[in-house]
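1. Below is the sequence, then the predicted model.
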Protein chains: 2
Amino acid sequence: MTNNAGLDLTFAACAHPIRRGIIERLGVGEMTVGEATAGSGVSKPSISKHLRVLEEAGAIVRVIDGRTHRIRLSEHALDDAQGWISDQHALWERKLDVIEGYLAEQRARRARDDLPTEEGPV
Amino acid sequence: MTNNAGLDLTFAACAHPIRRGIIERLGVGEMTVGEATAGSGVSKPSISKHLRVLEEAGAIVRVIDGRTHRIRLSEHALDDAQGWISDQHALWERKLDVIEGYLAEQRARRARDDLPTEEGPV
DNA sequence: CGCATTGTTAGTCATTTGGCTAACAATACC
DNA sequence: GGTATTGTTAGCCAAATGACTAACAATGCG
């Protein structure tokens, strides 16, 4: 579907380098808010907002553990975004197949009509 | 890489339902700006802006044909976005494999240490 | 208890986004 | 040449984004 608010959130979450950096780092393992802030170059409140964006997009999960928050990747993080892109690519594939079939037919027709001395298409 | 301006543009381009709608429609075949405007619910200048966003993200290509602009999908539209997500998933897979291996070893150890009378794991 | 640590909330600010209308540019058609 | 069609540009506006500092809440520790 085109009007999918979840996709809006997921793609928007991926559209910022700091948030992509967080996702990449979380691939290695979970971390705290302070650790996410460490090499980021921005303030802790700023990271807090980015984490909220990622959380609302369903990309990460937060486990509050005393006064620290352990951030980890959501189980199906980015699945909807990847699914949508894959769907598009699948459609394009199919379209290209149709075009390719059409072109092949054109080649065959040309071979038959323009060069009748040759016995058939390659 | 985390600081990739191209990815910023591609993900941002996908983060709006009207732009995703355009991409989906272009999967069927090329169209003009007017056709893109038709069922969109917004004005033509607005669509013009969305098309510019898609163009700068490398998602679409514009062929100016007299006074009409023929819009079609770029050959490698969204490839960078799909690539980045796929890379992440690949890393997560690997991480899950490591965890799974660890858990399997734990199960084996427990089976050996805690239940020595049972002859082996299920 | 008193204080340090961890993270969020509140408030401010500049920039970007996304929409509109009106005006313009360029091509097509009579 | 005059007019219609196609699309962009300019200018406006409201809302969202992304950053900061300062203040707050909650937990941990001496």
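-> Received, thanks.
2. do you know how far A:P45 is from A:H89?
-> Taking Cβ to Cβ, to the nearest Å as the measure, A:P45 falls 39 Å from A:H89. C-beta: built from backbone N, CA, C; applies to glycine.
3. Those two: who's more crowded?
-> Comparing A:P45 with A:H89 by neighbour count (other Cβ atoms under 10 Å in any protein chain shown), the higher total belongs to A:H89, at 15 against 9.
4. Test my guess that that one contacts B:E75.
-> No - with contact defined as Cβ atoms under 8 Å, A:H89 does not count as touching B:E75 (11.9 Å).
5. Which positions in the helix or strand containing A:T37 come out as buried?
-> In the assignment (DSSP states H and E), A:T37 maps to helix A:33-38. Residues of helix A:33-38 classed as buried under the neighbour-count rule (16 or more other Cβ atoms under 10 Å in any protein chain shown) are A:33, A:36-37.
6. got the contact list for A:K44?
-> By Cβ atoms under 8 Å, 6 or more residues apart in numbering or on different chains, A:K44 lies in contact with A:33-34, A:37.
7. element containing the nearest residue to A:A36 once chain neighbours are set aside, please.
-> Leaving aside its sequence neighbours, A:A36 sits nearest to A:I47 (Cβ to Cβ, 6 or more residues apart in numbering or on different chains; 5.2 Å). Following DSSP H and E, the helix or strand that holds A:I47 is helix A:44-56.
8. Tell me the helices and strands packed up against the next helix-or-strand element following that helix.
-> Sequence order places strand A:60-65 as the next helix or strand after helix A:44-56, per DSSP H and E. Counting by 3 or more Cβ pairs under 8 Å, 6 or more residues apart in numbering or on different chains; DSSP states H and E, the packing neighbours recorded for strand A:60-65 are helix A:17-28, helix A:44-56, strand A:68-73.
9. what does the average pLDDT come to for the helix holding A:T37?
-> Here helix A:33-38 scores 97 as its mean pLDDT.
10. go on, stretch A:21-30?
-> The model assigns stretch A:21-30 a mean pLDDT of 96.
11. got the buried residues for it?
-> For stretch A:21-30, by 16+ other Cβ under 10 Å, it's A:21-23, A:25-27, A:30.
12. Chain B next: which of these are close?
-> For chain B, the contacts drawn from these by Cβ under 8 Å from any Cβ of the partner chain are A:21, A:23, A:27.
13. Which of these lies at the shortest distance from DNA strand D?
-> Distance to DNA strand D, by Cβ to the nearest atom of the strand, is smallest for A:G21 among these, at 10.7 Å.
14. contacting residues for A:L9?
-> Taking Cβ under 8 Å, 6+ apart, we find A:L9 in contact with A:53, A:56-58.
15. Going by neighbour count, which of those comes out on top?
-> Top of the contacts of A:L9 by neighbour count (other Cβ under 10 Å): A:A57, with 23 neighbours.
16. Would you list the phi and psi of it?
-> phi -80, psi 0 (degrees, to the nearest 10).
17. surely it meets A:H16?
-> No - under the criterion of Cβ under 8 Å, A:A57 is not in contact with A:H16, lying 11.1 Å apart.
18. who in chain A is up against chain B?
-> Contact residues, chain A versus chain B (Cβ under 8 Å from any Cβ): A:2-4, A:7-8, A:11-12, A:14-17, A:20-21, A:23-24, A:27-29, A:73, A:77-78, A:81-82, A:84-86, A:88-89, A:91-92, A:95.
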